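Enquirer: take this sequence and fold it.
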Amino acid sequence: MKQFNAAKKWLGDLDGTAAARLVTVASDVALVVSDARQGVIRDVSFGSDELEQALPDKWVGKPWIDTVTPESRQKVTELLRDANQKGASRWRMVNHPSSSGIDLPVLYVAVQVNDKGKVIACGRSMQPMATLQRQLVSAQQSMEREYLKMRQAEARHRLLFQVSSEAVMIVDAASFKVLELNPAAAQLLGDDKQRRSIGHPFPEGFDAESTLALQALLGAVRATGRTQELEVRATRGARFLVSASLFRESQSSFFLIRLTPQGAARRPSTVDPGSSRVLEIVRSAPEGFVVTDLGGRILFANQAFLDLVQLATEEQVRNEPIDRWLGRSEVDFNLLSAQLREHGSLRLFATQVRGEFGGRSDVEICAVAASQGEEPCLGFTLRDVGQRVSVDRQAGQQRPRSVEQLTELVGRVPLKDLVRESTDMIEKLCIEAALEITGDNRASAAEILGLSRQGLYAKLRRYGLGDLGSDESAESA
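Expert: Below is the predicted model:
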């Protein structure tokens, strides 16, 4: 420890007040202790109001050892002993009970200031460090819990991957090498030990035409990110339906490839186009028709719906959430699905369809929930009512004339437009009432409305009220 070289010269004239100020500023907690053996506290200073509130007990007149927690008593005894024997102790951590119920750690050093056993204990609050330590421990425990959950989830997924009867492969999208395949896929490819295929490029084991087609399929999936299917032939003569999907993990892309032998059941999420007359009628219907799973992902869409969303092929919308195009916000589909879950069907739900290139169409939706069968789904018909809404607005001068007409627009018109429409309606009604009260005296009507005559004439022209003559028009101009 390095002390001042000329302490008496530069600090010898310090009085008690200056020394107390110096100790208070240099410490978070400072104690004046007399009777070194008993360690009775004679005075206390705190460096901050927060610390004084955290330690509300009156310490003056109490032994220092009685103000600390039981495990810190021995440390206080050693602080006082070292101060008496050596003049100064080493830093020791002591815990004080606080008003919050959480022990307050303070790092103390005790210094003997005279030969009568008077000791000054200077303490630094370690509460910020203790708070950080508690947060660190809590974060570590949380990470361990999450890590355990991840390991358990990984174990479950690994078990499902191994025991699944569906042939599944994981392929690196950059190198096209097979990273994993389950026993069902290994059996289909004639790799009983699952060793020959792992690490080798995909596709392998298919005829030349199928190999080229699979390479083109994987390239298209990697470019568009959409799931695609292809029927191929293996070199042994067996035919498969190959489905490829793209997913990302740890900044890398991978293919999830499913192999289905010819004649086996296809994926439930795939709608078989078939040649049914009913399906052909639905495909060609002038109103949009969409089938989704219970989560809202599109399984089937006809051409009318594709026209509404400004897309060309069904593949562009398949497996996409319908609320990507449906509704003014995500709230609309939530309302639709809630109604379908509760009632099973829905009629004439007014909303909008947003096109891929910015177009918007007013539509009415009728929907039904098909909860029976192996794969529950939702069906939607969308009727474009944009022309009808436009005619209705023109017939009504594009403004509602009553509260009932205004409330009918809820769900079809944004709130800010409804507020504007209601303001215009109230303004028009007030002008009509003022003209009726004044017997169509426009000067008096402007006065009772608090408007200038020019302002009143402008609003009369705006709402098409009265018959402004040429003089009045010139005056308002």
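
Enquirer: what residues sit buried inside whatever helix or strand residue 222 lives in?
Expert: Using DSSP states H and E, residue 222 maps to helix 208-224. Of the residues in helix 208-224, 210-211, 213-214, 217-218, 221 count as buried by neighbour count, 16 or more other Cβ atoms under 10 Å. Any C-beta I mention is one placed from the backbone N, CA and C, and that applies to glycine too.

Enquirer: average pLDDT for that helix?
Expert: Regarding helix 208-224, the rounded mean pLDDT is 86.

Enquirer: ok, residues contacting it?
Expert: The contact list for helix 208-224 (Cβ atoms under 8 Å, 6 or more residues apart in numbering) reads 171, 173, 176, 202-203, 206, 227-228, 230, 232-234, 242, 244-246, 253, 255.

Enquirer: redo that, cut-off 6 Å
Expert: 173, 203, 228, 230, 232-233, 244, 246 (Cβ atoms under 6 Å, 6 or more residues apart in numbering).

Enquirer: likewise for stretch 280-294?
Expert: 298-302, 304-305, 308, 322, 376-383.

Enquirer: buried ones among those?
Expert: 298-302, 304-305, 308, 322, 377-382.

Enquirer: show me where pLDDT drops low in the stretch 301-450 of the chain?
Expert: 328-331, 372-374, 387-414 (pLDDT under 70).

Enquirer: return the residues in contact with residue 363.
Expert: Residue 363 neighbours (Cβ under 6 Å, 6+ apart): 353, 382, 384.

Enquirer: next, count neighbours for the closest residue to residue 207 other than its chain neighbours.
Expert: Spatially, and ignoring its direct neighbours in sequence, residue 207 is nearest to residue 233 (5.2 Å; Cβ to Cβ, 6 or more residues apart in numbering). Applying other Cβ atoms under 10 Å, we find 17 residues neighbouring residue 233.

Enquirer: isn't residue 233 up against residue 242?
Expert: No: using Cβ atoms under 6 Å, residue 233 is not in contact with residue 242; the gap is 10.7 Å.

Enquirer: beta-bridge partners for residue 255, please?
Expert: Note on residue 255: beta-bridge partners residue 171, residue 246, judged by DSSP bridges.

Enquirer: out of the contacts of residue 363, who's nearest residue 364?
Expert: Nearest to residue 364, judged by Cβ to Cβ, of the contacts of residue 363 is residue 382 at 7.6 Å.

Enquirer: pairing partners for that closest one in the sheet, please.
Expert: residue 288, residue 365.

Enquirer: again, but for residue 88
Expert: Beta-bridge partners, per DSSP bridges, of residue 88: residue 111.

Enquirer: tell me how far it lies from residue 77.
Expert: 16 Å (Cβ to Cβ, to the nearest Å).

Enquirer: same deal with residue 259?
Expert: 77 Å.

Enquirer: if you count what's nearby, which of the two comes out ahead?
Expert: Using other Cβ under 10 Å as the criterion, residue 259 and residue 77 rank with residue 259 on top: 21 against 14.

Enquirer: that one: what's it in contact with?
Expert: 167, 185, 188, 240.

Enquirer: shouldn't it be within a strand?
Expert: Yes: Residue 259: assigned to a strand according to DSSP: H, G, I helix; E, B strand; the rest coil.

Enquirer: neighbours of the residue nearest to it when sequence neighbours are not counted, how many?
Expert: Nearest residue to residue 259, sequence neighbours excluded (Cβ to Cβ, 6+ apart): residue 167, at 3.9 Å. Using other Cβ under 10 Å, residue 167 has 22 other residues around it.

Enquirer: and residue 39, by the same measure?
Expert: 25.

Enquirer: what sits closest to it if chain neighbours are left out?
Expert: residue 64 (4.2 Å).

Enquirer: check residue 309 too.
Expert: Closest residue to residue 309 apart from its sequence neighbours, by Cβ to Cβ, 6+ apart: residue 325 at 4.5 Å.

Enquirer: correct me, but the one you found touches residue 310?
Expert: No: Residue 325 lies out of contact with residue 310 (Cβ under 6 Å); the separation is 9.0 Å.

Enquirer: contacts for the strand or helix carrying the residue nearest to residue 207 next, please.
Expert: Residue 233 is located in strand 228-233, with elements delineated by DSSP H and E. Residues from elsewhere that reach strand 228-233, judged by Cβ under 6 Å, 6+ apart: 206-207, 210, 213, 217, 221, 239-243.
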